[in-house]
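J.: I would like the atomic coordinates for the input below:
(one chain, ligands or ions: 1)
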Amino acid sequence: MGLSKTIWTNPTEFLKTQQPDNPVLFFAPSAAQAAARRFIDGFPGLVTYAVKSNPGEAMVENLAAAGIRGYDCASPFEIDLIRRLAPDAAIHYNNPVRARHEIAHAVARGVKSYSVDSKSELQKLIEMVPASGTEISVRFKLPVAGAAYNFGAKFGATVDLAVELLKRVAAAGYIPSITFHPGTQCTDPHAWEAYIREAANITKAAGVRIARLNVGGGFPSHRMAAIVPQIEDTFTLIDRVATEAFGADRPELVCEPGRALCGDAYALAARVKALRDDTHVFLNDGVYGSLTELPMIGVIDRIEVLSPQGQKRLGDELPRIIFGPTCDSVDRLPGDIPLPGDLAEGDYVIWQGMGSYSTVTNTRFNGFGDVQIATVLTLKL
Ligand SMILES: *Cc1c(COP(=O)(O)O)cnc(C)c1O
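T.: Have a look, this model is predicted:
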């Protein structure tokens, strides 16, 4: 009986010794903890984790170990997960539309913070959630650009409605707060500026002093090799604008990043199943598996290719059309993706920055998507 190895040095060591035929997501706990510390050290307020972006237990445990004390949950499942893994943490139930049985579940688990963007959903909360010591944050939206796609399409009250909701929240005896989400992978810090200034206007129009302002998620992860997100600049801007906009009434700040905490803690290795007539690359993972997000928010260009022996392919790049393994023609990565010209069948294509919206959105369509997770000390090849 031998001990099987559970922590690998890096993806290269795993790939060349294991030769996996199914996709592998490599998880580096050190990268997750470093991302958490970067937020805790830099953000001028409470850092919470948006669980939906990667609810993996190892992910949550590492964030908790690094000091994350609050979690943004969207469902009873996520609430129970956090109660089990981080029993003392604060839970913010920030999915603004909930069935009554979901609200009852949250109340029974002691959840004390909710968001809302409509009168009908606020009415449900008023009927079901005891007001004392409970925060309700009004979520609003603005037509601002900067993110990879528009989050305001589904959630968020208009400014006028937000004023009305904030008044009702305060009148019903809840702790009034405001929240927004500028949109995911938001690379323009000024999106936060516009939202924070408008939040201050909403409080003035409502005549309500808010306890907290939750500036949402949307902080970018590192997708493009040439663009390293400068998250600290966004923290500085949020801090300055909050003081300018609210003055003596400045609320406590909260953020709820998902992608920026988990994205850079994982790399994906997908194997080349076929190089069809030297033009089309067929991988064992695609848009129905770990690469679901690429057609929606753009390709990650931090890609390297390893031979089965673990050698980096360094040939001049050729633009390739990349297909996933299913029989659906939608299962194609967007555009032409440059890959080394010496790429061959059996190679591994490795994407950095694959920790967010990848493990959770895998569909298993067509019988593919049996993705393994391997823990590594570092994601560097
Ligand atoms: C998805 C979501 C987040 C996290 O967004 P990221 O872009 O991953 O940071 C935060 N808050 C709410 C309410 C969300 O729905």
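J.: got the contact list for R364?
T.: By Cβ atoms under 8 Å, 6 or more residues apart in numbering, R364 lies in contact with 288, 370. C-beta here means a position set from N, CA and C on the backbone, and glycine is covered the same way.
J.: quick one: pLDDT of it?
T.: Residue-level confidence at R364 comes out at 93, pLDDT.
J.: now swap in A147 and tell me
T.: The per-residue pLDDT of A147 was computed as 72.
J.: Was I right to think it contacts Q185?
T.: Yes. In this structure A147 lies within contact range of Q185 using Cβ atoms under 8 Å: 6.2 Å.
J.: shared neighbours, those two?
T.: Taking Cβ under 8 Å, 6+ apart as the contact rule, A147 and Q185 both touch G218.
J.: Compare the two and say which is more crowded by neighbours.
T.: With other Cβ atoms under 10 Å as the criterion, A147 and Q185 differ in neighbour count, and Q185 comes out ahead with 24 against 20.
J.: burial count for the closest residue to the more buried one other than its chain neighbours?
T.: Leaving aside its chain neighbours, Q185 sits nearest to A148 (3.9 Å; criterion: Cβ to Cβ, 6 or more residues apart in numbering). A148 is flanked by 18 other residues according to other Cβ under 10 Å.
J.: ok, now which ones touch A148?
T.: If you count contacts by Cβ under 8 Å, 6+ apart, then A148 has 183-186, 296-298 around it.
J.: Output the lowest mean pLDDT helix or strand found in this protein.
T.: Between all helices and strands in the chain, the lowest mean by mean pLDDT, DSSP states H and E belongs to helix 294-297, at a mean of 92.
J.: Show the subsequent helix or strand relative to that helix.
T.: Proceeding C-terminally, helix 294-297 gives way to strand 303-306 as the next helix or strand, assigned by DSSP states H and E.
J.: Please write out the alpha-carbon positions of that next one in PDB.
T.: The C-alpha trace of strand 303-306 is given here as PDB (Å, rounded to 0.1, in the frame of the first residue of the first chain):
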ATOM      1  CA  ILE A 303      -2.500  30.300 -22.400                       C
ATOM      2  CA  GLU A 304       0.500  28.000 -22.600                       C
ATOM      3  CA  VAL A 305       0.800  24.600 -24.200                       C
ATOM      4  CA  LEU A 306       2.800  21.600 -22.800                       C
END
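J.: what's the average pLDDT for that strand?
T.: The model assigns strand 303-306 a mean pLDDT of 98.
J.: Would you mind pulling the contact partners of whichever helix or strand comes after that strand?
T.: Remark: after strand 303-306, the chain's next helix or strand is strand 317-323, criterion DSSP H and E. With contacts defined as Cβ under 8 Å, 6+ apart, strand 317-323 is touched by 279-283, 286, 331-333, 336-341, 343.
J.: number of nearby residues for E244?
T.: Neighbours of E244 under the rule other Cβ under 10 Å: 13.
J.: ok, it to R197 distance?
T.: 8 Å (Cβ to Cβ, to the nearest Å).
J.: Quick one: mean pLDDT over the helix or strand harbouring I40.
T.: I40 is located in helix 29-42, with elements delineated by DSSP H and E. Helix 29-42 shows an average pLDDT of 98 in the prediction.
J.: list the helices and strands it packs on?
T.: Helix 29-42 sits against strand 46-50, helix 57-66, helix 231-246, helix 259-262, with contacts defined as 3 or more Cβ pairs under 8 Å, 6 or more residues apart in numbering; DSSP states H and E.
J.: Using PDB, write out every CA atom in it.
T.: Once side chains and other backbone atoms are set aside, the C-alpha atoms of helix 29-42 remain, and they are given as PDB (Å, rounded to 0.1, in the frame of the first residue of the first chain):
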ATOM      1  CA  PRO A  29      -4.400  27.500  -2.100                       C
ATOM      2  CA  SER A  30      -1.600  30.000  -1.800                       C
ATOM      3  CA  ALA A  31      -3.000  32.000  -4.600                       C
ATOM      4  CA  ALA A  32      -6.500  32.100  -3.000                       C
ATOM      5  CA  GLN A  33      -5.100  33.200   0.300                       C
ATOM      6  CA  ALA A  34      -2.900  35.900  -1.300                       C
ATOM      7  CA  ALA A  35      -6.000  37.300  -3.200                       C
ATOM      8  CA  ALA A  36      -7.900  37.300   0.100                       C
ATOM      9  CA  ARG A  37      -5.100  39.200   1.900                       C
ATOM     10  CA  ARG A  38      -4.800  41.700  -0.900                       C
ATOM     11  CA  PHE A  39      -8.500  42.600  -0.400                       C
ATOM     12  CA  ILE A  40      -8.400  42.500   3.400                       C
ATOM     13  CA  ASP A  41      -5.300  44.700   3.400                       C
ATOM     14  CA  GLY A  42      -6.400  47.100   0.700                       C
END
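J.: so does it get close to the ligand?
T.: No. With Cβ under 6 Å from any ligand atom as the measure, helix 29-42 is seen stopping short of the ligand, the closest distance being 10.8 Å.
J.: quick one, that helix and helix 231-246 angle?
T.: Counting by axes from the mean of the first three to the mean of the last three Cα atoms, to 10 degrees, helix 29-42 lies at 30 degrees to helix 231-246.
J.: Give me the contact list for helix 29-42.
T.: Residues from elsewhere that reach helix 29-42, judged by Cβ under 8 Å, 6+ apart: 47, 58-59, 62-63, 65-68, 231-232, 235, 255, 257, 260-262, 264-265, 355, 375, 377-379.
J.: Also stretch 88-106?
T.: Residues outside stretch 88-106 that contact it (Cβ under 8 Å, 6+ apart): 46, 48, 64, 68-76, 79, 82-83, 109, 111-118, 121, 124-125, 128-129, 137, 139, 155, 179, 214, 254, 256.
J.: Run through the residues you listed and flag the ones next to the ligand.
T.: Restricting the contacts of stretch 88-106 to contacts with the ligand (Cβ under 6 Å from any ligand atom) yields 72, 256.
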